[in-house]
Structures are given as C-alpha cells and as structure tokens.
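S.K.: build me a structure from this.
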Amino acid sequence: MNERGMVYPLILTLCFIVLIFFSFLTEKVASERRFVYMQEEQLRQVRLIQQGVDRAVIWVENLAVYPSERILNVNEGQLKVLVTQTSVDEVMFMIEAVTSRQSTKRVKVYYNVTQKSVTKWVEG
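M.R.: This next block holds a predicted model:
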C-alpha cells in the first residue's frame, strides 16, 4: 500500500473529529446563552412583582373599596394588580407581571394591614 492512499482517509477522519468537536462547542455555547436569557427573564419578572407589591402596599393605605384593580406600564413590562380583602386585617394582592418579552409570572400576596407585613407569598 502506498502513502498517498493512507493520507486521504486520515485527513477525512481528522476533519470529521474536528467537526464533531466544534459542533459540541457550538451547542454548549448556545445552551449557556439560553440559560442566561432565562435567568435574565426571571430576574425581570421578580423585579416587576416586587414593584407591584410595593405599589399595592401604598394603595392599600389609601384604598377604601375592595376589590380594586389597576394596570401599570413600567419600564420592564406591565403589571396587573388586583387587591381584595380576605378578612378584617388582611388583604390579598393578585399580581400578574408581563415582561416586555411577553413572559408572565403570577403571584398572590397576603398582606396584614394592622402589622403592615406580608404574611404569605404564593407563586403560580
């Protein structure tokens, strides 16, 4: 067997191995980017929910009629806040946060009006 007959299959095998390696790296980078994107979106949702809770607490102090609903447009998206009274001392905020990328998170927050503190936080 001559040397020219061995070089071609060797080069093809080497190219195939390099192709597999770069495909693996490309998929790894793409999955990391997707993960970072999801984390950023979750942080946006949490910030929106926190803004909704902060504003709802202020509204409760000035609000006399329940249920009450407000829709707010903020920098990172839109908040829909529904405030209902669950007992004499407690109100519930149903907050829906929709980010600018259209992902949604819903939270129910129970707030004790006399103690001025959140008693329960239920996501979903």
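S.K.: contacts and neighbour counts: CA atoms only from here.
M.R.: Fine.
S.K.: you'd agree Met92 is in a strand?
M.R.: Yes - the assignment for Met92 (DSSP: H, G, I helix; E, B strand; the rest coil) places it in a strand.
S.K.: what kind of secondary structure is the nearest residue to Pro67 once chain neighbours are set aside in?
M.R.: Distances taken as C-alpha to C-alpha, 6 or more residues apart in numbering put Thr84 closest to Pro67, at 4.5 Å, once the chain neighbours are dropped. Of the three states, Thr84 takes strand under three-state DSSP.
S.K.: ok, now which ones touch Thr84?
M.R.: Thr84 is in contact with 66-68, 91-93, counting by C-alpha atoms under 8 Å, 6 or more residues apart in numbering.
S.K.: just the element for the residue nearest the centre of the chain, please.
M.R.: The structure's the chain has its C-alpha centroid closest to Gln42; by C-alpha atoms, centre = their mean the separation is 2.2 Å. Using DSSP states H and E, Gln42 sits in helix 3-62.
S.K.: helices or strands next to that helix in the packing?
M.R.: strand 77-85, strand 90-99, strand 104-112 (3 or more C-alpha pairs under 8 Å, 6 or more residues apart in numbering; DSSP states H and E).
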